[in-house]
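J.: sequence below, structure please.
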Amino acid sequence: MEKTEEKTYQIYARGYRPQTFEEMVGQKAIVQTLQNAIKTGRIGQAYLFAGMRGVGKTTAARILAKGLNCLKGEKPTPTPCNVCDSCVQINDDRSIDVLEIDGASNRSIEDVKSLRESVKYKAIRSRYKIVIIDEVHMLTREAFNALLKTLEEPPPGTVFIFATTELHKVLPTILSRCQVFEFKKPKPHDIIGYLKMIAGKEMLTISQGGLAMIAEASEGSLRDAVSLLDQAVAFCGNAIDDTQLKEMLGAINKDLLFEFSTAVLEEKPELIYSLTARVLDEGYDLRLFLKELILHFRNLLVAKTVKEPAALIPLANAEEIGRLTAEAGKAGEEDLLRYLQALQASEPGLKFSPLPQIHFETALVKMGHFRKLESLKDLLLDAEEIRKPGAAAAPDARPAKPAWPSPAPARKTTEPPAALREEFKIKTASQAPAAPGSRPEAKPSAAPVPAPPSPRKREEDAAMQDPGVRTFMDKFKARIITIEELKGKPDVEEN
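T.: Okay, the predicted model is just below:
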């Protein structure tokens with residue numbers, strides 16, 4: 001009895017990889033350019049595809065190679081058949097005329113030298129010899145320099161296609177010799193549509209919300225989205241439940257985000273501690289949760305300021321948009337902007353804090369008191385209004401107090417009666433003059449005359465007569481400081 005070989009399972013990311021330009025998702029401009037180049041015969045000697053992971057760079061390189069070498073016609077075609085020997089061999093990665101090299105493991109100058117020797121020979125079975133170097137930014141500077149002459153004047157019938165996720169690391173001398181295409185992240189609804197197509201072919205049951213959760217978790221990578229769908233099938237089976245999907249993806253509970261925003265907007269900071277405990281009990285990382293909370297407050301600000309927020313919150317359905325709008329109505333635009341800025345300012349500190357829970361709680365509790373604070377700008381405006389000519393003093397203004405102790409007043413002397421003054425004169429006149437050489441008697445000293453106030457004292461007294469200055473000093477518990485005092489400080493630089 002012959003033993004039948006078990007069919008090897010092929011993951012969705014490989015089984016549903018685009019095989020033609022028309023199947024590519026979210027790269028319309030690049031697809032049109034490459035198709036027109038093939039139609040008109042304007043084939044460049046080198047192409048460089050740049051973009052984030054999983055957006056179709058290597059896929060586009062393989063489709064371009066198939067289009068140039070497809071055997072269904074006498075000329076290259078923008079629509080490869082995927083049936084001829086050349087297309088099948090490229091799909092199976094066994095074409096001798098299409099070399100796909102990993103730049104991370106073949107990055108030295110010796111590897112590039114051997115590549116230069118191999119491209120000297122023409123294609124054996126195809127029209128073009130295609131060299132695809134993935135992650136080309138990993139090549140060393142010497143290896144890049146060894147490629148320059150070959151890229152500038154490649155052998156006839158040779159096309160280089162480079163792919164990289166870090167365009168800024170590629171030397172400018174290489175970029176100037178290539179046609180550079182920057183791949184964009186597919187839009188969320190494009191990713192959802194592609195996942196829906198796969199679910200239909202695989203007879204999967206999944207809700208629109210589940211597809212949106214996968215698209216959001218993929219962060220714009222189509223390959224990651226397809227891989228997550230494959231993982232969801234392994235976890236849930238063909239019927240994918242939203243609750244199980246949230247557990248698998250580790251998605252943040254939206255209700256918990258709304259509870260945090262309600263505690264802040266309704267000025268109930270005492271609820272922050274119990275909510276933070278729930279975040280930790282449910283196993284969420286505080287740094288990841290803060291990131292989601294920032295996005296949540298951003299959505300609240302969008303719902304408050306934009307007439308049609310659904311266009312700017314693409315993964316939210318009508319029910320979530322309504323809920324965001326109602327939540328945003330609890331505060332003004334300036335308040336929501338202040339909360340969003342405070343959350344963003346606390347993110348770096350949370351990342352490096354040895355006590356992330358306390359840092360997280362402190363930031364949220366502080367936000368709960370924001371609307372009770374009076375801004376310095378408002379206080380200054382109030383003082384400015386009081387200082388205007390003709391403005392009455394504030395009703396609650398207290399009488400001005402000196403900012404420093406006043407000197408003690410001189411003792412007031414009483415004038416003696418006239419009879420005593422006459423008697424004193426008679427006694428004084430009757431006294432004999434003092435003998436020569438004798439010391440005169442000391443006359444009684446007069447009462448000390450108070451010193452006139454200094455210019456600084458006069459300026460301060462004049463300033464204190466202004467009701468606006470008095471109100472400002474009462475609010476801030478301050479005193480008047482002059483330039484002379486500041487110059488005496490060691491940390492003030494004199495000009």
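
J.: so what are the domain limits for the protein?
T.: 12-182, 188-249, 254-372, 375-389+454-495 (automatic domain parsing).

J.: and these as CSV, adding mean neighbour count and mean pLDDT?
T.: Quick note: C-beta positions are derived from backbone N, CA and C, even for glycine. Shown next, in CSV, are these (neighbours: other CB atoms under 10 Å; pLDDT from 0 to 100):
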stretch, mean neighbour count, mean pLDDT
domain 12-182, 18, 91
domain 188-249, 18, 91
domain 254-372, 16, 91
domain 375-389+454-495, 12, 64
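
J.: what sits against residue 73?
T.: Residue 73 sits next to no residue when contact means CB atoms under 8 Å, 6 or more residues apart in numbering.

J.: which of the helices or strands spans it?
T.: In the assignment (DSSP states H and E), residue 73 maps to no helix and no strand.

J.: do residue 47 as well
T.: Assigning secondary structure by DSSP H and E places residue 47 in strand 46-50.

J.: angle of whichever helix or strand comes after that strand against strand 46-50?
T.: Next along the chain after strand 46-50, taking DSSP H and E as the criterion, comes helix 57-69. Helix 57-69 and strand 46-50 are oriented at 150 degrees to each other (axes from the mean of the first three to the mean of the last three CA atoms, to 10 degrees).

J.: for helix 57-69, packing partners?
T.: Helices and strands touching helix 57-69, as assessed by 3 or more CB pairs under 8 Å, 6 or more residues apart in numbering; DSSP states H and E, comprise helix 28-40, strand 46-50, helix 85-91, strand 98-102, strand 129-134, strand 158-164.

J.: could you point out which of the ones you listed sits nearest residue 258?
T.: helix 28-40 (37.0 Å; CB to CB).

J.: what packs against that closest one?
T.: helix 57-69.

J.: in which helix or strand does the spatially most central residue of the chain reside?
T.: Geometric centre of the chain, nearest residue: residue 344, 7.0 Å, by CA atoms, centre = their mean. Using DSSP H and E, the element containing residue 344 is helix 333-352.

J.: helix or strand right after that helix?
T.: Taking DSSP H and E, what comes next after helix 333-352 is helix 356-368.

J.: CA atoms of that following helix as PDB?
T.: Extracted as PDB, the C-alpha positions of helix 356-368 are listed here (Å, rounded to 0.1, in the frame of the first residue of the first chain):
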ATOM      1  CA  PRO A 356       5.200  53.600  36.400                       C
ATOM      2  CA  GLN A 357       2.000  53.100  38.400                       C
ATOM      3  CA  ILE A 358       2.600  56.200  40.600                       C
ATOM      4  CA  HIS A 359       3.700  58.200  37.600                       C
ATOM      5  CA  PHE A 360       0.600  57.200  35.600                       C
ATOM      6  CA  GLU A 361      -1.800  58.000  38.600                       C
ATOM      7  CA  THR A 362      -0.200  61.300  39.300                       C
ATOM      8  CA  ALA A 363      -0.600  62.500  35.700                       C
ATOM      9  CA  LEU A 364      -4.300  61.500  35.500                       C
ATOM     10  CA  VAL A 365      -5.100  62.900  39.000                       C
ATOM     11  CA  LYS A 366      -3.500  66.200  38.000                       C
ATOM     12  CA  MET A 367      -5.600  66.300  34.900                       C
ATOM     13  CA  GLY A 368      -8.700  65.900  37.000                       C
END
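
J.: ok and it relative to helix 333-352, angle-wise?
T.: Using the same axes, to 10 degrees: helix 356-368 against helix 333-352 is 170 degrees.

J.: run through who's touching helix 356-368.
T.: 260, 263-264, 267-269, 272-273, 276, 280, 286-287, 290, 339, 342-343, 346, 349-350, 353.

J.: next: stretch 218-227.
T.: Contacts of stretch 218-227 (CB under 8 Å, 6+ apart): 11-13, 16, 25-26, 52-56, 185-186, 191, 194-195, 198, 214-215, 217, 228.

J.: which members of those residues occur in helices, if any?
T.: Residues of those located in helices (DSSP state H): 12, 13, 191, 194, 195, 198, 214, 215, 217, 228.

J.: which parts of the stretch 101-250 of the chain are helices?
T.: 109-118, 141-152, 172-175, 188-201, 208-218, 222-236, 242-249 (DSSP state H, counting those that start in this stretch).

J.: any chance of TSV for those helices, columns distance to residue 86?
T.: Converted to TSV, the helices of the stretch 101-250 of the chain look like this (distance: least, CB to CB, whole Å):
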stretch	distance to residue 86
helix 109-118	19
helix 141-152	24
helix 172-175	28
helix 188-201	27
helix 208-218	33
helix 222-236	25
helix 242-249	40
